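S.K.: quick one, what's the 3D model for this:
(one chain, ligands or ions: 2)
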Amino acid sequence: MFDSLSDRFDGIFKRLRGRGVLTESDIDDVAREIRLALLEADVNVRVVKSFIGRVKERAHGADVAKSLTPGQQVIKIVHEELVATLGGTTGKLTMNPKPPTVVLMAGLQGSGKTTASAKLARLLERDGKRVLLVGADLQRPAAVEQLRVLGERVGVPVFSVGADPVEVARNGVAEAERLGRNVVIVDTAGRLQIDADLMDELARVRDAVQPDDSLLVVDAMTGQEAVNVAEAFAETVDLTGIVLTKLDGDARGGAALSVKEVTGRPIMFAGVGEKLEDFEAFHPDRMASRILGMGDVLTLIEKAEQAFDAEDAQAAADRLRKGEFTLEDFLDQMRKMRKMGPLQGLISMLPGVPKELRDAQIDEGELTRIEAIICSMTGEERRNPTIIDGSRRVRIAKGSGTSTQQVNALLKQFKQVSQMIKQMTRPGKKGKGRRMGLPPGMDLSALTGPGGPGGPGGFPTG
Ligand SMILES: Nc1nc2c(ncn2[C@@H]2O[C@H](COP(=O)(O)OP(=O)(O)O)[C@@H](O)[C@H]2O)c(=O)[nH]1
Ligand SMILES: [Mg+2]
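M.R.: Residues are numbered from 1 along each chain as shown. Ligands and ions are numbered 1, 2, ... in the order given. Model (predicted):
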């Protein structure tokens, strides 16, 4: 999904990431490249124009946050604007306090209405709702049968009794009331193209059932055409949201990126495959990250920003470079890192992390133990671990409720970490922490790598 666009962004950002300083004309160059990438991806011209305008304005005026490089800053702005273009927050169905909630599905023939109706029913059922599917597509003889088959597969009853679509829909809502179903999903007929008859029928169905939500189902693979269709429907029916289908086959992303801004209606759900479970709530932020092809690295940048005071980190880095990194700093950094959330989650967000590390089980209890050990040391011991001799180790182990082996292991690990950090922060050399733009001292592998607590050995005592 969005492969070609992702590739373009990847190339643009790769060049950007390496830059220390960005001039005004660098920013203009980047903006031009992004503009081309979006146009190639079949994004609506108006949408591209306003997107680029916003990115440029913000990038030029950005006061550079201390914790981010200029390149990262621009990536962050592009990401945020992309999220906004995709609709900002995740759209939600209106749940009528007086059930049943009525959801009307509209769209062209073949856009995926019937499939989406069943998929949505499945999703809502999993969310604890009791759904009734209503087949109001009486155009094609097989349409109701198709819905019945799908309904059976997702375990949701299908209703279709009445002389015309309006009657079927109205009866369907009454039936849901009678059966005590919370949600009614009305599948309607489509045409190959927008025509007056279709719109008229839809309007009459709408008037008859007064839907809480009217969702337009559009095929993402049709690109700009999907956007034109959406615009036409938005004018006629009071759309509340959009279901974007066949996103799995959409390498460009034009429809996805344009439809919200052009119609003003949020994309609420996305069809991402033929199977009934290939359907999800549409999350603009996750989608933007996916388009930018950066895993969740942006989430990581944000978390790092929140947890770290840039100056603090700088001070620690300076001490580090002078060889003054102490157990106190170690404890401090570790605590900050833990504030960022479960380590396993963080590690899996890093791009380019070796598989072994991704899969490694990180023991949060282990970190608690490390914290306890350091806390049982005196200030002097934390600043100068070389003074920690045998009897001090016994005392520390007792104080922290650990064993001397565990104290030994930590001291050994600390030594490894400080050596590694020293290498990472050496000017001109790029280590993991550096490349990520994370504050120094935040190399996760150091805490989980070989020779971790439990291993033999110890810090040489003075
Ligand atoms: N790959 C893929 N195919 C889909 C998706 N949604 C629907 N389809 C397929 O699109 C075709 C038309 O779907 P259908 O629900 O009958 O469209 P309708 O005419 O609007 O009711 C069917 O072959 C579906 O399997 C999707 O998200 N991904
Ligand atoms: Mg259909």
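
S.K.: now do the same contact list for the residue of the stretch 151-300 of the chain found nearest ligand 1.
M.R.: Here the stretch 151-300 of the chain gets closest to ligand 1 at one residue, Gly271, 2.6 Å apart by CB to the nearest ligand atom. C-beta here means a position set from N, CA and C on the backbone, and glycine is covered the same way. With contacts taken as CB atoms under 8 Å, 6 or more residues apart in numbering, Gly271 has the following neighbours: Gly112, Thr115, Ala116, Lys119, Val243, Leu244, Thr245, Lys246, Leu247, Asp248, Asp278, Phe279.

S.K.: present these as CSV; the columns should include distance to ligand 1 and neighbour count.
M.R.: Formatted as CSV, the contacts of Gly271 follow (distance: CB to the nearest ligand atom, whole Å; neighbours: other CB atoms under 10 Å):
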residue, distance to ligand 1, neighbour count
Gly112, 3, 23
Thr115, 3, 23
Ala116, 6, 23
Lys119, 8, 25
Val243, 9, 26
Leu244, 8, 28
Thr245, 4, 30
Lys246, 4, 24
Leu247, 6, 23
Asp248, 5, 15
Asp278, 6, 16
Phe279, 7, 21
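
S.K.: now, these that are in helices?
M.R.: Thr115, Ala116, Lys119 (DSSP state H).

S.K.: for the last one, give me its contacts.
M.R.: Lys119 makes contact with Val154, Phe269, Gly271, Leu276, Glu277, Asp278, Phe279, according to CB under 8 Å, 6+ apart.

S.K.: ok, the contacts of Gly271 vs Leu93, which is closest?
M.R.: Val243 (11.0 Å; CB to CB).

S.K.: count the residues that sit near Thr90.
M.R.: Counted with other CB atoms under 10 Å, the neighbours of Thr90 add up to 15.

S.K.: and stretch 94-109 with ligand 2, contact?
M.R.: No - using CB under 5 Å from the ion, we find that stretch 94-109 stays clear of ligand 2, coming within 7.1 Å at best.

S.K.: quick check: buried residues in stretch 394-402?
M.R.: Neighbour counts over stretch 394-402 (16 or more other CB atoms under 10 Å) mark Arg395, Ile396, Ala397, Ser400, Thr402 as buried.

S.K.: how far does that stretch sit from the chain's center?
M.R.: 43 Å (CA atoms, centre = their mean, to the nearest Å).

S.K.: could you chop the chain up by domain?
M.R.: The record's domain parsing of the chain by automatic domain parsing lists 3-85, 101-283, 297-448.

S.K.: run the chain-centre distance for the shortest one.
M.R.: The reference is to domain 3-85. 18 Å.

S.K.: give me the number of residues near the closest residue to ligand 2 within the chain?
M.R.: The nearest approach of the chain to ligand 2 comes at Thr114, 3.2 Å away (CB to the ion). For Thr114, the count of nearby residues is 27 (other CB under 10 Å).

S.K.: who's in contact with it?
M.R.: Contacts of Thr114 by CB under 8 Å, 6+ apart are Asp137, Ala143, Gln146, Leu147, Leu150, Asp187.

S.K.: mind redoing it with 7 Å?
M.R.: Going by CB atoms under 7 Å, 6 or more residues apart in numbering, Thr114 touches Ala143, Gln146, Leu147, Leu150, Asp187.

S.K.: helix, strand, or coil at the last one?
M.R.: Each residue gets one of three states, and Asp187 gets strand by DSSP: H, G, I helix; E, B strand; the rest coil.

S.K.: wait, it touches Gln139, no?
M.R.: No - Asp187 lies out of contact with Gln139 (CB atoms under 7 Å); the separation is 11.3 Å.

S.K.: of the two, who's got more company?
M.R.: Higher neighbour count among Asp187 and Gln139: Asp187, with 36 against 14, using other CB under 10 Å.

S.K.: any idea how far Ala84 is from the closest residue to the more buried one other than its chain neighbours?
M.R.: Nearest non-adjacent residue to Asp187, counting by CB to CB, 6 or more residues apart in numbering: Ser117, 4.3 Å away. Going from Ser117 to Ala84 by CB to CB, to the nearest Å gives 30 Å.

S.K.: between these two, tell me which one has more neighbours.
M.R.: Ser117 (31 against 16).

S.K.: so what's that one up against?
M.R.: Counted by CB under 7 Å, 6+ apart, Ser117 has contacts Met105, Leu133, Leu147, Ile185, Asp187.

S.K.: what is the helix or strand hosting His79 packed up against?
M.R.: Applying DSSP states H and E as the criterion places His79 in helix 70-85. Counting contacts by 3 or more CB pairs under 7 Å, 6 or more residues apart in numbering; DSSP states H and E, helix 70-85 packs against helix 3-17, helix 24-40, helix 45-61, helix 254-263, helix 284-291, helix 297-307.

S.K.: just to revisit the earlier point, now tabulate the contacts of Ser117 in TSV and tack on pLDDT.
M.R.: Converted to TSV, the contacts of Ser117 look like this (pLDDT from 0 to 100):
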residue	pLDDT
Met105	96
Leu133	98
Leu147	97
Ile185	98
Asp187	96
